[in-house]
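A.B. asks: Just a sequence and a predicted model for now, questions to come.
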Amino acid sequence: MLLMRRGDPRVQEVESAVQTLEALEGVPDPTNSSLIEGSWKLIFTTRPGTASPIQRTFVGVDSFSVFQEVYLRTDDPRVVNVVRFSETVGELAVQAEATINDGKRILFRFDRAAFAFKFLPFKVPYPVPFRLLGDEAKGWLDTTYLSRSGNIRISRGNKGTTFVLQKSADPRQMLLSAISAGTGVKEAIDDLTSSKKGVVVDMNTLAGEWQLLWASQSESGGGSWSSVASAGLKDFQTIKEDGQLKNLVNPFPGVSLSARGNICRQP
């Protein structure tokens with residue numbers, strides 16, 4: 001991360017580049033776009049003297065990696081600022097309740113924070129009484145530029161700080177983007193599965209109804225009757241907590257084809 005104070009001669013050059021991007025036609029109404037969702041790495045910021053104590057906490061040291069997670073389309077919309085000390089030490093996550101004010105502005109209020117150290121099995125609360133901070137715990141963030149590819153974002157905060165962020169390459173987001181584009185799906189699946197090697201799957205996580213987004217067949221052109229029947233159709237898979245599985249295809253109104261089975265764990 002490149003952290004600069006006002007008065008640094010390099011700030012003018014970076015601000016000029018930022019203004020050039022802001023003048024381009026990015027994603028309109030970025031807060032209403034799904035492209036703003038996800039984890040963003042902070043690659044440049046300015047820190048004015050008016051920065052709040054909370055802001056100084058997560059952008060005050062340029063030797064750490066800083067990320068901002070944006071989740072606006074959930075039952076609990078949030079903006080989370082994460083200071084990652086190292087892969088071996090851990091991180092500090094400062095969370096804020098978030099509200100979309102308009103097409104560019106997000107209103108937020110910090111309400112909790114905690115350290116997650118790799119060497120401890122529990123989180124350590126960050127000792128800041130957010131409820132007692134009043135307006136210091138509140139603020140807003142304007143997204144002044146969001147690239148149409150969804151990988152670069154420029155935001156300006158209520159304290160006058162400029163943030164330039166780059167979308168983190170989350171394997172899940174990369175897979176959804178590949179499916180949407182129709183290219184590189186197998187490679188994205190390989191990246192996702194390799195990142196999850198050794199992870200034990202919880203049946204409670206698998207339980208529910210799933211819609212098929214993408215599927216492949218062997219080069220020989222063969223396939224089960226269910227894969228042939230579901231080609232080009234909406235295919236759903238239901239998994240129960242006890243491991244029962246059902247594939248369901250609705251080729252015509254009032255007509256359904258289903259196949260049932262059980263999930264077996266490999267030894």
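C.D. replies: Received, thanks.

A.B. asks: Tell me the pLDDT of residue 29.
C.D. replies: What the model reports as pLDDT for residue 29 is 95.

A.B. asks: now residue 114
C.D. replies: 93.

A.B. asks: do residue 45 as well
C.D. replies: For residue 45, the model assigns a pLDDT of 84.

A.B. asks: Residue 230 now?
C.D. replies: Per the predicted model, pLDDT is 44 at residue 230.

A.B. asks: same question, residue 134
C.D. replies: Looking at residue 134, its pLDDT stands at 86.

A.B. asks: The one 3 residues further on now?
C.D. replies: At residue 137 the predicted local distance difference test score is 89.

A.B. asks: Next, it: phi, psi?
C.D. replies: The phi/psi pair for residue 137 (degrees, to the nearest 10) reads phi -90, psi 0.

A.B. asks: That one contacts residue 113, doesn't it?
C.D. replies: No - contact criterion CB atoms under 8 Å: residue 137 and residue 113 do not qualify, at 10.7 Å. For the C-beta atoms, the positions are set from N, CA and C on the backbone; glycine is no exception.

A.B. asks: Could you list the low-pLDDT ranges of this protein?
C.D. replies: For the chain, the stretches with pLDDT under 70 are 1-10, 47-63, 169-174, 176-178, 180-183, 194-205, 216-234, 252, 265-267.

A.B. asks: Compare residue 137 and residue 113 (neighbour count), which wins?
C.D. replies: Set side by side, residue 137 and residue 113 show more neighbours around residue 113, with 23 against 20, by other CB atoms under 10 Å.

A.B. asks: Pull up the overlap in contacts between residue 137 and residue 113.
C.D. replies: Both residue 137 and residue 113 are in contact with residue 130, where contact means CB atoms under 8 Å, 6 or more residues apart in numbering.

A.B. asks: Regarding this protein, what is its longest strand?
C.D. replies: strand 105-117 (DSSP state E).

A.B. asks: by contact count, what packs against that strand?
C.D. replies: For strand 105-117, the packing partners by 3 or more CB pairs under 8 Å, 6 or more residues apart in numbering; DSSP states H and E come out as strand 90-100, strand 124-125, helix 130-133, strand 138-146.
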